[in-house]
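J.: Model the following, please.
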Amino acid sequence: MPKIPISKPIDSSRCDPRLPLEALAYRKKQNPPLVTYDYLRAFNITVWLYRDRQGVQGVHVTANITIEELIRKFGPAETPDAEVGIHSEGIAGEWFLKKPHLTVLQIFTERIPCPNMCAPMLTRYFPEVPWYYYYDRRSWINKGSITPIKSAADILKSAYEL
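T.: Here you go, the predicted model:
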């Protein structure tokens with residue numbers, strides 16, 4: 001059983017346990033499974049709990065698209081600063097914005113949403129929805145350093161008991 005994730009806001013109700021379980025199940029059923037250190041480092045899985053108009057709950061699972069995958073498909077970007085992946089929260093957010101008949105109840109993402117793109121998008125379009133996560137890079141950086149003492153892969157291995 002995966003560990004209980006951190007919530008934002010901190011006083012939110014507990015994360016629905018199906019969400020981290022679905023994220024782990026998604027990782028395990030990919031070919032190859034996304035559970036090695038390199039895959040845990042490269043991929044962020046997000047799982048959103050929602051309710052439809054009839055009151056039926058469901059989950060939507062999304063993974064990020066890595067920089068490497070985009071380069072393979074489209075070639076390198078014109079400038080190095082343009083080489084960024086597509087974040088899983090952005091992909092899922094767009095999916096839900098195109099489906100206004102669904103109400104998002106909770107958002108689980110393995111890494112805290114990035115402060116430049118994803119967090120502002122979630123705050124704007126899903127303002128009352130709590131977020132749950134395992135890894136916040138800023139929590140693992142020593143003063144005066146830019147290198148974290150623990151990576152997302154380290155934390156996810158522990159959280160998922162891999």
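J.: Only C-alpha atoms from now on, for both contacts and neighbour counts.
T.: Will do.
J.: Can you list the residue ranges for helices in the chain?
T.: Per DSSP state H, the chain carries helices over the ranges 18-29, 37-42, 67-74, 88-97, 118-125, 152-159.
J.: avg pLDDT for the fourth one?
T.: Throughout helix 88-97, pLDDT has a mean value of 96.
J.: cool, the longest one as well?
T.: The average pLDDT within helix 18-29 is 97.
J.: Could you give me the buried positions within stretch 154-162?
T.: Ile155, Leu156, Ala159, Tyr160 (16 or more other CA atoms under 10 Å).
J.: In this structure the third one contacts Tyr134, no?
T.: Which is Ala159. Yes - in terms of CA atoms under 8 Å, Ala159 counts as a neighbour of Tyr134; the distance is 7.2 Å.
J.: Arg51 is nearest to which of the helices of the chain?
T.: Checking the helices of the chain against Arg51 by CA to CA gives helix 88-97 as the closest, at 11.3 Å.
J.: how deep is Asp136 tucked in, by neighbour count?
T.: 18 (other CA atoms under 10 Å).
J.: I'd say it and Glu110 touch.
T.: No - under the criterion of CA under 8 Å, Asp136 makes no contact with Glu110, lying 9.0 Å away.
J.: In this protein, which residue is most central in space?
T.: In the chain, the residue lying closest to the centroid (CA atoms, centre = their mean) is Thr109, at 2.9 Å.
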